[in-house]
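# sharing a model prediction with you, sequence too.
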Protein chains: 2
Amino acid sequence: MDSIVLASRSPRRKEILERLNIPYIAFDIDIDEKLTNVRNIKSSVMEVSKKKAAAGACHFSKGLVVGVDTVVYFNRKVLGKPENTGSAYKYIKMLSGNTHCVVSGITIRDTCGGNVYSACSLTEVSFIKMSDSEIKNYLAADEWKDKAGGYAIQGQAALYIKGILGSFYNVMGLPVEELYRLLKKFNYFESRGRYQPVNK
Amino acid sequence: MDSIVLASRSPRRKEILERLNIPYIAFDIDIDEKLTNVRNIKSSVMEVSKKKAAAGACHFSKGLVVGVDTVVYFNRKVLGKPENTGSAYKYIKMLSGNTHCVVSGITIRDTCGGNVYSACSLTEVSFIKMSDSEIKNYLAADEWKDKAGGYAIQGQAALYIKGILGSFYNVMGLPVEELYRLLKKFNYFESRGRYQPVNK
């Protein structure tokens, strides 16, 4: 079975691919992830995902390279990874009682044929209204570290999330339904013979 | 820290509680899970969750007992756990290209004070239109076994799910945001001192 190349160092993305039994090689690329236009967030994240796939593709002579960029977006602002507990507090306080968006761009590039397909996924995430002590308790777990927006939906933040509209895995950092749809465009599953998921 | 009693043998529910760092004892109860009224699915699943909590509470002199009942509901029918690949195929074929509901009732009963609180959670789940070979490939993984509706959102079915509206964990079998809300009614987190989530 052919591995895809994941141009990312995110442990969450790796975890998702493992769970789905899609073989991969993770390859860390170093590009400028700065969004060019936060007013058009969808095309901006797709742009960055294209750059990531292109940067990854330089290092391989064969195979499909996947670039993904995920941002947490609220009130026309992108919330990055908080630098310290203070910024994490501000982020969670902002998200509390509100609905924000998580937007991913995803691009797959065939290093041989040069074909490139991109897509994006948008999920709305609604937090309950959290008290100050709830926010502080949440932050005490350090789950906010290295997480865009300062939370992890797959972790203890789940307690404070009323519901979502869209893809759950997009919020984790990899919109798997879009990944699957794009891989089909490359006849990825046919070329592997039948898709052979494992029995978990 | 006090453990809650989970009146269930579901490995998914246990996995979720572990991920949230909520200590629990799982206790298998044997009750009639048959729904009394599928036209009012919300009150029916709450009813069953109450029975489960009550049945669990008989065995403990102290503590909070949690009963949960989750059903997959489509076209006014409850889809149970498929008995064989044939029924699993029928279920997935039915869900393919459509939106169905997953509904959980959850009840917490204090074995001492006798207080009981219930809630329910409803999530809409939308599948992409799957081809026959996609359905067969999915079923080949045996993921359908022991799963209501014949799929697991936390598994490879994620590839075929366009999006959801509501709680993801409800679809896995435990609406954690409702669990959290009900536990707060019992001052569970205060009685444990501060909520002490772990750093994962």
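Perfect, thanks for sending it.

# run the chain-centre distance for the helix or strand A:Ile164 falls within.
Following DSSP states H and E, one finds A:Ile164 within strand A:161-166. Distance, stretch centre to chain centre, for strand A:161-166: 16 Å (C-alpha atoms, centre = their mean, to the nearest Å).

# what residues does it touch?
Contact with strand A:161-166 is made by A:102, A:121-128, A:153, A:171, B:123, B:163-168, B:177, as judged by C-beta atoms under 8 Å, 6 or more residues apart in numbering or on different chains. For every residue, glycine as well, the C-beta is placed using N, CA and C.

# just after it, pick out the following helix or strand.
That would be, after strand A:161-166 and using DSSP H and E, helix A:168-172.

# could you dump that following helix to PDB, C-alpha only?
The C-alpha coordinates for helix A:168-172 follow below in PDB (Å, rounded to 0.1, in the frame of the first residue of the first chain):
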ATOM      1  CA  PHE A 168     -15.600  17.000  14.100                       C
ATOM      2  CA  TYR A 169     -12.200  15.900  12.700                       C
ATOM      3  CA  ASN A 170     -11.800  19.300  11.000                       C
ATOM      4  CA  VAL A 171     -11.800  20.800  14.500                       C
ATOM      5  CA  MET A 172      -9.100  18.300  15.500                       C
END
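
# what is the mean pLDDT for whichever helix or strand comes after that helix?
Going down the chain from helix A:168-172, the next helix or strand is helix A:176-185, by DSSP H and E. Averaging pLDDT along helix A:176-185 gives 96.

# do stretch A:74-84 as well
Averaging pLDDT along stretch A:74-84 yields 95.

# quick one: end-to-end distance for that stretch.
One end of stretch A:74-84 sits 19 Å from the other (C-alpha to C-alpha, to the nearest Å).

# does it reach chain B?
No. Applying C-beta under 8 Å from any C-beta of the partner chain, one finds stretch A:74-84 separated from chain B by no less than 15.2 Å.

# tell me the buried residues in that stretch?
Neighbour counts over stretch A:74-84 (16 or more other C-beta atoms under 10 Å in any protein chain shown) mark A:74, A:78-79, A:82 as buried.

# ok, residues contacting that stretch?
Residues contacting stretch A:74-84 (C-beta under 8 Å, 6+ apart): A:35, A:38-39, A:41, A:71-73, A:88, A:90-91, A:94-95, A:98, A:100-101, A:144-150.

# can you pull the pLDDT of the residue nearest in space to the middle of chain A?
Residue closest to the mean C-alpha point of chain A, counted by C-alpha atoms, centre = their mean, is A:Gly173 at 2.1 Å. A:Gly173 carries a pLDDT score of 95 in this model.

# show me where chain A has its helices.
Using DSSP state H, the helices of chain A run over A:11-19, A:41-57, A:85-95, A:132-140, A:168-172, A:176-185, A:188-191.

# re earlier: which ones are touching the residue nearest to the centre of chain A?
A:10, A:12-13, A:16, A:68, A:70, A:104.

# adding distance to B:Asp2 and pLDDT, write those out as TSV.
Listed next are the contacts of A:Gly173 as TSV, based on distance: C-beta to C-beta, whole Å; pLDDT from 0 to 100:
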residue	distance to B:Asp2	pLDDT
A:Ser10	36	90
A:Arg12	31	93
A:Arg13	37	95
A:Ile16	34	94
A:Val68	41	97
A:Thr70	37	96
A:Ser104	40	97
